[in-house]
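Enquirer: Kindly return the folded structure for what I paste below:
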Amino acid sequence: MSSMEKVNENMKKIAGQAGTFFTRAKQYTEEKLGSAEKTELDAHFENLQQRADRTRIWTEKIVGRTEAVLQPNPNLRVEDFFNSKLDRRPKERETNYELLGMAMIESGNDLGPGTQYGASLVKCGTTQKKLGQLEKDLVQTSITNYMAPLRNFLETDMKTILVCTVQY
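Expert: Presented below is the predicted three-dimensional model:
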């Protein structure tokens, strides 16, 4: 699908949502001004609607907070977001653990791996690099197995629920 087709599709979605919004705004205004009868909804339906809204709000908060844990640097989060929207592959970055590990290994080798201090730095640096790799694996697994389903839920199921509640 070309970018122009995507833009066209997005514009159609926006126009449909705007039409629904204006219809609801008109109905709400008429109900408040007294020129139309208020649509009475079933109590069970209203309860489900409130639960759906709370579920959406909390899921969005959880997604945001999880992203902050997985990538604490907000600038890098924004960069990753744009790369994902532009279908670019995210940059391969070293984690802080890996950077620390590389610095420890370099300094240990420079000071002499035959000395106690140098050998300790090399050994500790190797462990830090392993921790960094494990952190990368954790982030990737979390994105794949946790964040993707949550985003899919927000983008598909919650939008379907919202469209259904707008119709009533």
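Enquirer: Find the centremost residue of the chain, please.
Expert: Geometric centre of the chain, nearest residue: Val63, 4.9 Å, by Cα atoms, centre = their mean.
Enquirer: Give the full set of residues in contact with that residue.
Expert: 147, 150-151, 154 (Cβ atoms under 8 Å, 6 or more residues apart in numbering). From N, CA and C alone the C-beta is placed, and that goes for glycine too.
Enquirer: Tell me the one among those residues nearest to Tyr117.
Expert: Met147 (41.7 Å; Cβ to Cβ).
Enquirer: quick one: that closest one and Arg65 touch, right?
Expert: No - here Met147 does not reach Arg65: they are 11.2 Å apart, not a contact under Cβ atoms under 8 Å.
Enquirer: any common contacting residues for these two?
Expert: Joint contacts of Met147 and Arg65 (Cβ under 8 Å, 6+ apart) do not exist.
Enquirer: Looking at these two, which is more packed in?
Expert: Taking other Cβ atoms under 10 Å, Met147 and Arg65 do not tie; Met147 has more neighbours (16 against 10).
Enquirer: Secondary structure element holding the residue lying closest to that one once chain neighbours are set aside?
Expert: The shortest distance from Met147 to any non-neighbouring residue, by Cβ to Cβ, 6 or more residues apart in numbering, is to Thr66 (6.2 Å). According to DSSP states H and E, Thr66 maps onto helix 43-70.
Enquirer: who's in contact with the residue nearest to Met147?
Expert: Residues in contact with Thr66 (Cβ under 8 Å, 6+ apart) are 142, 146-147, 150.
Enquirer: likewise Gln133?
Expert: Applying Cβ under 8 Å, 6+ apart, the residues contacting Gln133 are Glu98.
Enquirer: State the pLDDT value of it.
Expert: As predicted, Gln133 sits at a pLDDT of 95.
Enquirer: next one: Arg51
Expert: Per the predicted model, pLDDT is 89 at Arg51.
Enquirer: What of Lys123?
Expert: In this prediction, Lys123 carries a pLDDT score of 96.
Enquirer: cool, Ala36 as well?
Expert: pLDDT recorded at Ala36 is 53.
Enquirer: Renumber starting at 7 from here on
Expert: Yes, from this point I'll number from 7; that puts the last item at Ala42.
Enquirer: Assign a three-state SS to Asn115, would you?
Expert: Secondary structure, DSSP: H, G, I helix; E, B strand; the rest coil: Asn115 is helix.
Enquirer: Would you quantify the distance from it to Val128?
Expert: Applying Cβ to Cβ, to the nearest Å, the value for Asn115 to Val128 is 6 Å.
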